[in-house]
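Undergrad: structure here, sequence nowhere to be found:
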Ligand SMILES: [Zn+2]
């Protein structure tokens, strides 16, 4: 399951950050995940719960912020929301040249003591 490796990646950053800030216990972890990052939030929550067992983040809450997918039209340059993975510009029917957001997978904040 893809989400397990994502959760393990998050956990590694959490451990690094906790060490950096002298935390011995992490209670909450905030992440931003793009709609196009291919991560199912429920599956990630479940995986996170698993990988945090026996770590300093055991029982920590995972707060997932979903970042909408946006593309930039190569013909007219506007940015638009990508819905249902349809990449066509609503103004001119051009094809998105570039995905400008929606692939994020980042840890934004951890809380603990
Ligand atoms: Zn366009």
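TA: Received the coordinates, thanks. None of the values given here were measured: they were computed from a predicted structure.
Undergrad: buried stuff in the longest helix seen in the chain?
TA: For the chain, the helix with the greatest residue count under DSSP state H is helix 2-20. Across helix 2-20, burial judged by 16 or more other CB atoms under 10 Å covers 3, 6-7, 10-11, 14-15, 17-18. Where C-beta positions appear, they are placed from N, C-alpha and C, glycine not excepted.
Undergrad: with stretch 19-34 instead?
TA: Neighbour-count burial for stretch 19-34, counted by 16+ other CB under 10 Å, picks out 23, 26, 29, 31-34.
Undergrad: quick one: residues in contact with it.
TA: Contact with stretch 19-34 is made by 10, 14, 17-18, 39, 41, 44, 48, 56-57, 59-67, 69, 101-113, as judged by CB atoms under 8 Å, 6 or more residues apart in numbering.
Undergrad: show me what counts as buried in the helix or strand of the chain with the lowest mean pLDDT.
TA: None of the helices or strands of the chain scores lower by mean pLDDT, DSSP states H and E than strand 96-101, at a mean of 82. Using 16+ other CB under 10 Å as the test for burial, strand 96-101 gives 96, 101.
Undergrad: mean confidence score for the next helix or strand along the chain from that strand?
TA: Using DSSP states H and E, the helix or strand that follows strand 96-101 in sequence is strand 105-112. This predicted structure assigns strand 105-112 an average pLDDT of 95.
Undergrad: thanks a lot, see you next time.
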